[in-house]
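Novice: This is a predicted model, with the sequence first.
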Amino acid sequence: MMAAKIIDGKEVSNWVKENLKKEVERLKQRGITPSLKIFLVGENPASVVYVGNKEKSSKNVGIDAEVLSYNESVTEEELLNKIKELNNDPKVNGMIVQLPLPSHIDEDRVSLAIAPEKDVDGFHPHNLGMLLRGTPTLLPATPYGVLQLLKYYSIETQGKHVVVVGRSNIVGKPASVIFLLKDKFGNATVTVCHSRSKNLAEYIKQADILIVAVGKHHLITKDMVKKDAVVIDVGIHRVEDPTKKRGYRLEGDVKFDEVKEIASYITPVPGGVGPMTVAMLLQNVVNAAKLQNGITD
Ligand code: NDP
């Protein structure tokens, strides 16, 4: 049997970043340097790594990125004041707040304080509302990355049955709306499943395109998937592996080794959706800089 074509998120994210370099160069010639401020509170090791990645990747494409590091004891008011100041600074195009925040700070209040046009994570109700009404501006980076992967491989969703497993505000729910947009990479018939769905396997079996964002290791097995389906795995899990130097390897929500035997396309973990998330964040910073400067080309 033919094995699936591997959707190479590293290749696509590098392509996105190469294009961004050129776009940033053109913006700089017009006197605009896209700028991103990254709020980091405390020293959560995972957060420090994520923030470092975002800063480095931004700088690589020419975005002026700065990490604003705060002590664990920072007050909510202090953060809100800084966000307000940066909302009013025309040189700042994008802001993100690395979560989680310490428990004395209300994450929602801080995230929602960012002006919608600078919300490059795409989590603000304004941006989610724009997506829902069919005129998206800044899209949440992970589902935006999924969309970009499908576009790169010319996998059209029009008329297809897209089944999204997971309904989080950052992945599943916005992904389901993206594939409803009136576009050849939208126009899908969308089914959304979650932890209360009955007969999950029955829905999954109907998917032409299956998007899994659950957070359950190897939930999706070969017997659940339709032949020649396109399988996009958003899940990331650390699996103990003493043969690796760091002691673990990464795997997804999909049992890759067996599902690849039946799918037509499949994303691996790592190297699938993961690398796309940072690339699309950078894309959002550039999109925001263009929107704020009235540039439409
Ligand atoms: P959440 O925990 O916020 O949401 C998980 C969703 O899956 C919920 O809607 C939940 O249902 C649903 N669910 C849980 N168990 C089942 C089940 N047995 N059957 C069907 N649905 C179920 O997770 P996220 O969306 O934030 O993340 C999902 C995964 O993606 C995680 O592994 C995360 O690490 C990864 N991730 C990867 C990113 C990347 O860059 N590649 C970015 C973001 C996340 P209910 O709503 O009923 O609780």
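Specialist: Everything's here; your move. Numbering: from 1, shown residues only.
Novice: residues contacting the residue nearest in space to the middle of the chain?
Specialist: Nearest residue to the geometric centre of the chain (Cα atoms, centre = their mean): residue 142, 1.4 Å. Contacts of residue 142 were listed using Cβ atoms under 8 Å, 6 or more residues apart in numbering, and they are 170, 171, 175, 213, 234, 273, 276, 277, 280. Placement of C-beta: from N, CA and C, glycine included.
Novice: Most neighbours out of the residues you listed, which is it?
Specialist: When neighbours are taken as other Cβ atoms under 10 Å, the top entry among the contacts of residue 142 is residue 234 (31 neighbours).
Novice: Against residue 68, how distant is that residue?
Specialist: Distance of residue 234 to residue 68, given as Cβ to Cβ, to the nearest Å: 28 Å.
Novice: in the helix or strand hosting the residue nearest to the centre of the chain, what's buried?
Specialist: Assessed by DSSP states H and E, residue 142 sits inside helix 141-152. Of the residues in helix 141-152, 141, 142, 143, 144, 145, 146, 147, 148, 149, 150, 152 count as buried by neighbour count, 16 or more other Cβ atoms under 10 Å.
Novice: shaky segments in the protein?
Specialist: Applying pLDDT under 70 to the chain picks out residues 1.
Novice: And residue 218, how close does it get to residue 253?
Specialist: In terms of Cβ to Cβ, residue 218 sits 7 Å off from residue 253.
Novice: ok, and does the helix holding residue 142 reach over to the ligand?
Specialist: Yes - using Cβ under 6 Å from any ligand atom, we find that helix 141-152 touches the ligand at residue 142.
Novice: So for residue 218 and residue 253, which residue has more residues nearby?
Specialist: residue 253 (22 against 17).
Novice: does the closest residue to that one other than its chain neighbours sit in a helix, a strand or a coil?
Specialist: The shortest distance from residue 253 to any non-neighbouring residue, by Cβ to Cβ, 6 or more residues apart in numbering, is to residue 235 (3.1 Å). Three-state assignment for residue 235 (DSSP: H, G, I helix; E, B strand; the rest coil): coil.
Novice: what residues does the chain put near the ligand?
Specialist: So the chain meets the ligand at 142, 165-168, 170-172, 193-197, 200, 213-216, 219, 234-236, 273-274, 277 (Cβ under 6 Å from any ligand atom).
Novice: Name only those of the residues you listed that count as buried.
Specialist: The buried subset of the residues of the chain next to the ligand - by 16+ other Cβ under 10 Å - is 142, 165-168, 170-172, 193, 200, 213-214, 219, 234-236, 273-274, 277.
Novice: Where strands are concerned, which of those residues count?
Specialist: The strands, defined by DSSP state E, take in 165, 193 from those.
Novice: Now do the contacts for residue 7.
Specialist: Residue 7 sits in contact with 149, 153, 232, 265, 266, 267, 268, 272, where contact means Cβ under 8 Å, 6+ apart.
Novice: Please tell me how far it sits from residue 287.
Specialist: Look at residue 7 and residue 287: by Cβ to Cβ, they are 23 Å apart.
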